[in-house]
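Trainee: sequence plus predicted model, see below.
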Amino acid sequence: MKTDGKPGAGGGGFDALDRRLAHALQLDGRAPFSRIAEVLGVSDQTVARRYGRHRSSGALKVLGLSDARALGEVEWMVRVQCAPEAAVTVAEALARRPDTSWVCLLSGGTEIAAVCRATSSDHSDALLLEKLPRTPNVVGVTAHCLLHEFCGGPQGLISKSGALTDEEAARLGPPPPDVDPAAEPVALGDADRRLFAALARDGRAPLAELAAVTGWSPTTVRRRLAELRATGALYYDVDYDLRKFGYGVMAALWMSVAPAELAAAGAALAEHPEVAFAGATTGPNNLFASVLCRDVQALYTYLTTRVAALPGVRTMESAPRIRQIKGPGPLVAGSPAARGRRR
């Protein structure tokens, strides 16, 4: 069925074609527009025009990101308690660091949540033990290692949307990475790091642009992209304005789960359509999730039904996000990323 539709339908949100395009890009961020158009039943020009419009406005953008586990890196879920007048300043300073992502202010404006990456557990102390505790007006820091990811990254919330049928998703989705758990971490050279930096700004950057950044030929860039993706070191994600999907509330959940039930609870949580990210961590609250709901009432219903039914949950702490400072990519001044992103 061919349809161009009217973008921005539903009070400024994404229409059905926008959602199908977002789902297609979540499956394969660098898929040619011609292939996406064929599956969606529209013209190449329609797909290119839709994506270009949303990318220009900051509503939708493909990012090429590195997977911490494939690179042998360690991720930490960090919570920073600040004096009220210092929270924004501390959060912005955290966001400027290249080893942080998902920096946001939580309810009350006195707590910051962030994800920090280190090349190994031996290199985690610079930020967590030396920098933050000595920062004026920081009154407390807790950090817990991310042990296992139940959902997130390439398997983001859009993948649960059902915008595409299973048959359409199969036509667009690339083969899964051939990852050997016993394999050595993927080693990156300087050119690889420049490649990742460019993809984090624009996952659909043209080969010629990536060749100029890395010093490689376009053929070498294409081959290296395929290699990095096959090993799981590179994945593509869709960064989007959550309001366009009808989400008005994002909340962080910290749950304490009985060890024998942790895997089951995490797997069940990952299936919830409200959950953008879920992972097992060290610490007394050993299950973390980032959830998106339409409004506060919908969040209450979710917590008292789906979350309440999870096996082994002993306690739960929740905190709505009030402002996001940095998303999954590099910090860009004036970027719409601070206006509403998921995780």
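Mentor: Happy to help now that I have it. Numbering: from 1, shown residues only.

Trainee: any idea what the nearest residue to R314 once chain neighbours are set aside is bridged to?
Mentor: Leaving aside its sequence neighbours, R314 sits nearest to S256 (C-beta to C-beta, 6 or more residues apart in numbering; 4.7 Å). Yep, even glycine has a C-beta here, placed from its N, CA and C like the rest. For S256, the beta-bridge partners under DSSP bridges are T315.

Trainee: now H148: closest residue in space that isn't a chain neighbour?
Mentor: Spatial nearest neighbour of H148, chain neighbours left out: A280 (4.4 Å); criterion: C-beta to C-beta, 6+ apart.

Trainee: nope, L157 is what I meant
Mentor: Of all residues not flanking L157 in the chain, A276 sits nearest, at 4.4 Å (C-beta to C-beta, 6+ apart).

Trainee: measure the one you found to E111 for me?
Mentor: From A276 across to E111, the span is 19 Å (C-beta to C-beta, to the nearest Å).

Trainee: who's more crowded, these two?
Mentor: A276 (22 against 19; other C-beta atoms under 10 Å).

Trainee: hang on, isn't the more buried one packed against G156?
Mentor: Yes. Using C-beta atoms under 8 Å, A276 makes contact with G156 at a distance of 6.4 Å.

Trainee: ok, the residue nearest to R314 - how many residues close by?
Mentor: Look at S256: counted by other C-beta under 10 Å, it has 16 neighbours.

Trainee: repeat for A208
Mentor: By other C-beta under 10 Å, 10 other residues sit near A208.

Trainee: okay, now the unreliable bits of the chain?
Mentor: For the chain, the stretches with pLDDT under 70 are 1-12, 120-134, 330-343.

Trainee: all strands for it, in order.
Mentor: 60-66, 74-82, 100-106, 111-118, 138-151, 234-240, 249-257, 275-281, 287-293, 313-326 (DSSP state E).

Trainee: nearest to P176, out of those?
Mentor: Closest approach to P176 among these (C-beta to C-beta): strand 234-240, 10.7 Å.

Trainee: picking up where we left off before, please tell me how far the residue nearest to L157 sits from A212.
Mentor: Taking C-beta to C-beta, one finds A276 at 34 Å from A212.

Trainee: and what of T304?
Mentor: Counting by C-beta to C-beta, the gap from T304 to A212 is 54 Å.

Trainee: now do V249
Mentor: Taken as C-beta to C-beta, the span from V249 to A212 is 42 Å.

Trainee: in contact with the nearest residue to L40 once chain neighbours are set aside, which residues?
Mentor: Among residues not flanking L40 along the chain, R20 sits closest, at 5.5 Å (C-beta to C-beta, 6+ apart). Applying C-beta atoms under 8 Å, 6 or more residues apart in numbering to R20 gives the contacts L40, A163, L164.

Trainee: save those as CSV, and put in neighbour count and distance to R201 too.
Mentor: Below are the contacts of R20 laid out as CSV (neighbours: other C-beta atoms under 10 Å; distance: C-beta to C-beta, whole Å):
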residue, neighbour count, distance to R201
L40, 24, 26
A163, 21, 26
L164, 24, 27
